[in-house]
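Asks: next come a sequence and a model predicted from it.
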Amino acid sequence: MPRDDAGNAATSRNASMLLHSLETSANIVGLAVAQQMFSLLLPLTTRLQIKSLDLSVCCAEVDNIVAVLTQYRGSTEAFANIHHKADDLCEMVETEITVPRLTGRASC
C-alpha cells in the first residue's frame with residue numbers, strides 16, 4: 001500500500017495549527033467562561049431530562065439562572081473567578097492572558 005506523505009504532512013500541519021489555536025489566551029478565556037456558564041445550566045438540564053417533568057419547577061430554575069447571570073454581569077468577583085480559572089489553564093499550556101488585538105483600531 002503506497003504512503004501518502006503529502007497527506008500526512010498536511011494532517012500534521014492542520015493538527016499543529018489546531019493545537020496552537022487552542023493555546024491562545026482568547027480561546028482559553030472562552031473555555032473558562034463556557035465552563036462557568038455550563039456549570040450554572042447543569043441543574044436545569046438535569047431537571048429537563050426527568051420523565052415526570054414539573055414545568056413550574058423548571059420555570060423557577062430558569063428564573064434562578066437569569067437572576068444569577070444578572071448578578072454575574074456586574075460582579076467583579078465573578079469576573080475574578082473566571083479570570084483565575086483561565087489563568088490556571090494558561091499556566092498549564094505555558095501562555096499568558098493578553099488583550100486581543102483589534103485590527104480596526106490599530107495604527108499603521
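Replies: The structure has been received and is ready for your questions.

Asks: for residue 84, give me phi and psi.
Replies: Dihedral pair for residue 84: phi -60, psi -40, per degrees, to the nearest 10.

Asks: contact partners for it?
Replies: Listed by CB atoms under 8 Å, 6 or more residues apart in numbering, the contact set of residue 84 is empty. Where you see a C-beta, it was placed from the backbone N, CA and C, and this is true even at glycine.

Asks: where does the spatially most central residue of the chain fall, secondary structure wise?
Replies: When CA atoms, centre = their mean is applied to the chain, the residue found nearest the centroid is residue 31 (2.1 Å). Taking DSSP states H and E as the definition, residue 31 sits inside helix 25-48.

Asks: re earlier: SS state for the residue nearest to the residue nearest to the centre of the chain when sequence neighbours are not counted?
Replies: Excluding the flanking residues, the one nearest residue 31 by CB to CB, 6 or more residues apart in numbering is residue 89, at 6.6 Å. The three-state label given to residue 89 by DSSP: H, G, I helix; E, B strand; the rest coil is helix.

Asks: sweet, I'm off.
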